[in-house]
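**Student:** For reference, the sequence and a predicted model appear below.
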Amino acid sequence: MTTWSIREVPVSETADAPEAWLLHGYTGAMNDGLLHAWGNRDFERTATEILGSMHDQKYDRKPRLVAVADDAHDAPDPDRVLGYAMINLPQQDNTHTGHVEVGVRPDHRRQGIGSSLFDAALALVRDAGRTQVTASSDQQVEPPEGPGTLAATTGVGRVAIDADGPRFLSKRGFALEQVERYSVFDLPFDPELMAKQRAEAEAHAGPDYRLVTWQSHVPEEWIESYALLNTRMSTDAPLGGIDLEEDVWDAERVRTLEKQYQERELELLVLAAEHIPTHTLAAFTCFMAVPNSDEFVHQDDTLVLKEHRGKRLGMLIKAANLQRLAAERPTVRRVGTWNAEENSYMLGINVALGFRPAGGSGEWQLKLS
Ligand SMILES: CC(C)(COP(=O)(O)OP(=O)(O)OC[C@H]1O[C@@H](n2cnc3c(N)ncnc32)[C@H](O)[C@@H]1OP(=O)(O)O)[C@@H](O)C(=O)NCCC(=O)NCCS
């Protein structure tokens, strides 16, 4: 019978440090779970990228736990790591909440490892004085309505109640507060159709808007305006029943994240719409390129400020950034994006552009007494 111990992953200086075998085990267990959940390697991560995130804990405290198979010699073998827990504890806003992700290597499930990781994670969340905890469960396909499914409290979207994640979380009292749709856009695309969609949106938006682009480093000219977009992003995208307050961004926080992303070798392709009369940014969209794939990018945030909605800026910025992606990163074959199932405006744009449904997630919340 396997026995295991729960340990915290040390924040080593580099991924080559002797104690970093726990970090490599954490990474391996996470990647095993992702491959099992999705049947592809698009979300696979590297130890260096994970460590880079752990180095920056200014705005989130980030304990990472592992379940390590007991071994009399305590051999520094990453394969001894059977499961992991990721805990995020916001430090500036939303200090009432913590986010937990628990994963167990598929071959080692149903032995109690997930439960002991979860208990240890929850103890950290409680010790930090948090009154609620959130978690997610992934699914390759959203099940059709019917028996064996659970609907989100929003009324939109479902998960299969007997799948590993939903079963685990609902047994622990979590409520399914939202379902997200994952969608994939395949490249190359029809350039004429994309140009037409962009031109129509441009005509509708009118002469008050002009597109500006940058990569990972925000030009000083736009940093305050970009920080405001990020603040609004925290509450303007639908949150379902998830209890989160505004998460405030300023220039310092934007620069801190830039440094973190540089260490993690994550690259951004940001495209924004300037509102010319006020010289402020009205909207933005962003791709995130990852270090271990030149075929896959994440669609990161997209937002049109409330006061600029209804002018097709959403379609304009997304079509323009896809054109730019094809020109600047010709090896990219897939863009992956996440949207709340009730976010009909964003989903409408994505579907019109050619994004296809490719699974999703359940977003869960537990109030702690
Ligand atoms: C959810 C997950 C973490 C559970 O991990 P796990 O190690 O299988 O969890 P446990 O073994 O503690 O519990 C799972 C089941 O195994 C059962 N079990 C525990 N020990 C057992 C044993 N020795 N023999 C047989 N069954 C056992 C538990 O009772 C539980 O059964 P239930 O679902 O009928 O209640 C795992 O399935 C996983 O990694 N899923 C993907 C990621 C995910 O969805 N995470 C959850 C959201 S954060």
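**Tutor:** Sure thing, it's come through. Numbering: from 1, shown residues only.

**Student:** tell me which residues of the helix ranked longest in the chain are tucked away?
**Tutor:** If you go by DSSP state H, the chain has its longest helix at helix 21-38. For helix 21-38, the buried set under the neighbour-count rule, 16 or more other CB atoms under 10 Å, comprises 21-34, 36-38. Placement of C-beta: from N, CA and C, glycine included.

**Student:** what does stretch 226-240 give?
**Tutor:** Buried residues in stretch 226-240 (16+ other CB under 10 Å): 226, 227, 228, 229, 230, 231, 232, 233, 234, 238, 240.

**Student:** again with stretch 339-358
**Tutor:** In stretch 339-358, counting by 16+ other CB under 10 Å, buried: 339-343, 346-347, 349-350, 353-355, 358.

**Student:** for stretch 159-177, same thing?
**Tutor:** Under 16+ other CB under 10 Å, the buried positions of stretch 159-177 are 159-160, 163-166, 168-170, 174-177.

**Student:** quick one: pLDDT of residue 235?
**Tutor:** You'll see residue 235 listed with a pLDDT of 89.

**Student:** show me the contacts for it.
**Tutor:** Counting by CB atoms under 8 Å, 6 or more residues apart in numbering, residue 235 makes contact with 244, 245, 246, 247.

**Student:** quick check, it in a strand?
**Tutor:** No: using DSSP: H, G, I helix; E, B strand; the rest coil, the assignment for residue 235 is helix, not a strand.

**Student:** check which helix or strand covers whatever residue of the stretch 151-300 of the chain ends up closest to the ligand.
**Tutor:** Going by CB to the nearest ligand atom, the ligand is nearest to residue 165 of the stretch 151-300 of the chain, at 2.4 Å. Residue 165 is part of helix 164-171 when elements are defined by DSSP states H and E.

**Student:** Could you identify the most distant pair in the buried residues of stretch 339-358?
**Tutor:** Spanning the widest gap among the buried residues of stretch 339-358 are 342 and 354, at 21.5 Å by CB to CB.

**Student:** separation between residue 50 and the ligand?
**Tutor:** 17 Å (CB to the nearest ligand atom, to the nearest Å).

**Student:** Repeat that for residue 70.
**Tutor:** Relative to the ligand, and taking CB to the nearest ligand atom, residue 70 is found at 16 Å.

**Student:** Give me the helices and strands touching the longest helix of the chain, please.
**Tutor:** helix 47-55, strand 64-69, strand 81-90, strand 97-104 (3 or more CB pairs under 8 Å, 6 or more residues apart in numbering; DSSP states H and E).

**Student:** Please give the element, helix or strand, for the spatially closest residue to residue 274 that is not a sequence neighbour.
**Tutor:** Once flanking residues are discounted, residue 274 sits nearest to residue 210: 4.9 Å by CB to CB, 6 or more residues apart in numbering. Assigned by DSSP H and E, residue 210 belongs to strand 209-214.
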